[in-house]
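*Asks:* Pasted the sequence and its predicted model underneath.
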Amino acid sequence: MKKRNMTLAVLTIASATAIYWWNQPGRSAPPPAVAVSAVAVSPRFAAPPIPEPPKENSTVVLGKQRPETKNFKALYLQSKDYWQLAHVLLPDAKAGNRDAQYFLWKTLNFCDENNDSYFERLGKNLSLDEGLQLAAKMHANTAYVQSVYARCHEFLEVDAAALADELGNARDWLAEATAEGQPAAEATTAQKFVLQEIMQGFANAGAAPIPITSGPQIDKNTNPAELMRAAAQSLDPDALYAIGWALTYGDSSQESLVTRLAWMYVACQRGLDCSNNADWVLGDCSRCIADSPDILMQNMSGSYWFAVQQRAQDINSNLAAGRWDDLGFGP
């Protein structure tokens, strides 16, 4: 796939948006982010009880319940071959299943971003050995990069137009899942809307024009607060993780970092894989793991860790009570 991932350009436009560090080759992680997975797995803070989302075959969407069938998340998490996975998800996505649509987007997006980072350079596809050499220069986790190649290398042999004809456009699948009320898709779209607004602000300030995405832009009438509020009601861990980023994009202050880490922590409490082997840890935090293999609680302690605990406790309490204003996305 030949398109470029827009977030790789953010750090070159403005250092103030350092929160995008994890997609930047050769990145150096900000110190507080080093302990993200440590915060997530620490047993030192127990969340207060929160009403669980509907069981098994139903999901809340703006006060409604919809039947779900297959466990598409399990298919995604267990798959070692994303080319095959995409074709398994495609029929259900075309049939309108919002979970299939979301995880098809997630599958295509994962391979696009990671192939772009490790296995495509100057219009040329790289071999596994070449990708590993590049990853070593980037201080990336080599086991993770090998896993990316195993899951995604077949996408390298298909050009963007042929891929879109065969599997559809990733951004279109995300848009469809969002329109159908898939919680993680709603939160992800809110996250991308905030990014789009930041990039538009750069353009308005005279920054060099760079395409925000190779797919269609998110509708300017999108209400990110409404999307986050609907997503939060589901308590879906992927949605909670995305909400933390959406609420803090464009703000590199310590207060923002505490908020982001607290939402990550809450997502981990609700079922997000926050082990050191999770994709988001190995991929997004590969540099900090390379620099600090024993990251559990080494880089976050004292008042900072206490602040994250307190913020997570507040988030959990506000989720339980439905205090959306206090969570940052309206009544």
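*Replies:* Perfect, I can see it now. Everything numeric here is computed off the predicted structure, so don't read it as measured data.
*Asks:* Poorly predicted segments of this protein, please.
*Replies:* With pLDDT under 70 as the threshold, the chain has low-confidence stretches at 1-69, 207-218, 284-303, 331.
*Asks:* hmm, 80 instead?
*Replies:* Applying pLDDT under 80 to the chain flags the ranges 1-69, 200-221, 283-305, 330-331.
*Asks:* Now stretch 219-233: buried residues?
*Replies:* Neighbour-count burial for stretch 219-233, with 16 or more other Cβ atoms under 10 Å as criterion, is recorded at 222, 224, 225, 227, 228, 229, 230, 231, 232, 233. For every residue, glycine as well, the C-beta is placed using N, CA and C.
*Asks:* just the strands in the protein please.
*Replies:* Ranges of strands in the chain, per DSSP state E, are 58-61, 64-67, 120-121, 124-125.
*Asks:* Can you tell me how far the closest residue to residue 85 other than its chain neighbours is from residue 279?
*Replies:* Spatial nearest neighbour of residue 85, excluding adjacent residues (Cβ to Cβ, 6 or more residues apart in numbering): residue 79 at 4.2 Å. Separation of residue 79 from residue 279 (Cβ to Cβ, to the nearest Å) stands at 12 Å.
*Asks:* Could you do residue 222 as well?
*Replies:* In this structure, residue 222 and residue 279 are 27 Å apart, going by Cβ to Cβ.
*Asks:* same thing with residue 262?
*Replies:* Separation of residue 262 from residue 279 (Cβ to Cβ) stands at 21 Å.
*Asks:* More neighbours: these two, which one.
*Replies:* Here residue 262 and residue 279 are compared on neighbour count by other Cβ atoms under 10 Å; more neighbours surround residue 262, at 22 against 15.
*Asks:* give me every residue that touches the residue lying closest to the more buried one once chain neighbours are set aside.
*Replies:* In space, not counting the residues next to it along the chain, residue 262 is nearest to residue 311; the distance is 3.6 Å by Cβ to Cβ, 6+ apart. Residue 311 sits next to 258, 259, 261, 262 when contact means Cβ atoms under 8 Å, 6 or more residues apart in numbering.
*Asks:* got it, and residue 191?
*Replies:* With Cβ under 8 Å, 6+ apart as the criterion, the residues that contact residue 191 are 242, 243, 245, 246, 249.
*Asks:* mind listing the helices in the stretch 101-250 of the chain by residue range?
*Replies:* In chain order, the stretch 101-250 of the chain shows helices spanning 128-137, 142-152, 160-167, 170-179, 183-204, 224-234, 237-248, with DSSP state H, counting those that start in this stretch as the criterion.
*Asks:* quick one: which of those is nearest residue 324?
*Replies:* Proximity to residue 324, assessed across the helices of the stretch 101-250 of the chain by Cβ to Cβ, is greatest for helix 224-234 (5.0 Å).
*Asks:* what's near enough to touch the nearest residue to residue 244 once chain neighbours are set aside?
*Replies:* Once its chain neighbours are removed from consideration, residue 244 has its nearest residue in residue 263; the separation is 2.6 Å (Cβ to Cβ, 6+ apart). Contacts for residue 263 were tallied using Cβ under 8 Å, 6+ apart; they are 240, 241, 243, 244, 245, 247, 312, 315.
*Asks:* same thing but 6 Å
*Replies:* Listed by Cβ atoms under 6 Å, 6 or more residues apart in numbering, the contact partners of residue 263 are 240, 243, 244.
*Asks:* Throw those into a markdown table and include neighbour count, thanks.
*Replies:* Shown next, in a markdown table, are the contacts of residue 263 (neighbours: other Cβ atoms under 10 Å):
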| residue | neighbour count |
| --- | --- |
| 240 | 28 |
| 243 | 32 |
| 244 | 21 |
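*Asks:* Considering those, which is situated nearest to residue 127?
*Replies:* residue 244 (36.6 Å).
*Asks:* Was I right to think that closest one contacts residue 262?
*Replies:* No: applying Cβ atoms under 6 Å as the test, residue 244 and residue 262 come out as separate, 7.3 Å apart.
*Asks:* re earlier: which of the contacts of residue 191 has the largest number of neighbours?
*Replies:* For the contacts of residue 191, neighbours were counted by other Cβ under 10 Å; the highest total belongs to residue 243, with 32 neighbours.
*Asks:* thought it was touching residue 187?
*Replies:* Yes: counting by Cβ under 6 Å, residue 243 sits close enough to residue 187 to count as a contact (5.0 Å).
*Asks:* Could you measure from the residue nearest to residue 262 over to residue 258?
*Replies:* Distance check for residue 311 against residue 258: by Cβ to Cβ, it reads 5 Å.
*Asks:* Over to residue 125?
*Replies:* Between residue 125 and residue 258 the distance, using Cβ to Cβ, works out to 41 Å.
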